[in-house]
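return atomic coordinates for the entry below.
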Amino acid sequence: MGRFETGMLAQEENLKALTELSGRWIDRANGRTEQKKVILDLDSSESPVYGEQEGSAYNGYFGCDCYHPLFCFNQFGDLERALLRNGNVHSAEDWRSVLEPVVARYRGRPLERFFRADAAFASPDVYAFLEEERFGYAIRIPANEVLEREIADLLVRPVGRPSAKPKVLYADCTYRAESWDRFRRVVAKSGMACRRTLPSRELHRDEPDVVSGRACGEILQSTRHSRAMDQGGEARCEVDAALLP
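I've put the predicted structure just below:
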């Protein structure tokens, strides 16, 4: 088995076939069903190691020696594609090598196409790629002073005794960061609960005219971690999240 893994599976053509295997299975399954929509979910995770495996490294966010693989799933939880990466790379490292082949498989099909990700993938390159491929998308972005000024009225606790149930408010605005080539729509959520002394503030951005209304709840990604991970264990502020009903 060891010789098979190192001598046969490690050959370039076999590694490529293994990487594409799950996508081929999904295509065969989709060929037997009437598929109307695809929602791609890009996220990283940790794969702990207990030795000195090549490429493994200590990751401050996960608090262990590990690899830091990148995964792309669809809305049914099927693995579209995966990439094994060194343990200390940024969450979005090599995102294109994972996402682009998956998008190419769905290109030209008569489908509604959506994408979702956390704040680690909040990059103009990602936005431009998705817009060119005509994907609707919802991607979390870190909050900043400009955005918080836009939703200042949502961040004030109402006068009087708070309700026992959490109170959630939403607002949207157009926003353009210095690194963006255009204005984009940003939706903000403010949630307040009687057990909290301060409101929780959350922000996300999405593609205009696509992620709206009832569709948001299905398209937006439920966060696996409360904060997005950065290389070196630095964590973004929790104000960067967004979930719509």
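
quick one: the helices in this structure?
With DSSP state H as the criterion, the chain has helices at 2-3, 12-30, 95-106, 124-132, 145-150, 215-219.

wait, which of those is closest to residue 42?
Nearest to residue 42, of all those, is helix 95-106, at 6.0 Å by Cβ to Cβ. Where you see a C-beta, it was placed from the backbone N, CA and C, and this is true even at glycine.

okay, buried residues for the closest one please.
95, 98-99, 102-103, 105-106 (16 or more other Cβ atoms under 10 Å).

JSON lines for those residues, including pLDDT and distance to residue 112?
JSON lines is the format used below for the buried residues of helix 95-106 (pLDDT from 0 to 100; distance: Cβ to Cβ, whole Å):
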{"residue": "95", "pLDDT": "96", "distance to residue 112": "22"}
{"residue": "98", "pLDDT": "95", "distance to residue 112": "21"}
{"residue": "99", "pLDDT": "96", "distance to residue 112": "17"}
{"residue": "102", "pLDDT": "96", "distance to residue 112": "16"}
{"residue": "103", "pLDDT": "96", "distance to residue 112": "14"}
{"residue": "105", "pLDDT": "93", "distance to residue 112": "16"}
{"residue": "106", "pLDDT": "93", "distance to residue 112": "10"}
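
in JSON lines, list these along with distance to residue 79.
Output for the buried residues of helix 95-106, formatted as JSON lines (distance: Cβ to Cβ, whole Å):
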{"residue": "95", "distance to residue 79": "16"}
{"residue": "98", "distance to residue 79": "11"}
{"residue": "99", "distance to residue 79": "13"}
{"residue": "102", "distance to residue 79": "10"}
{"residue": "103", "distance to residue 79": "15"}
{"residue": "105", "distance to residue 79": "13"}
{"residue": "106", "distance to residue 79": "15"}
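
kind regards, and thank you for your time.
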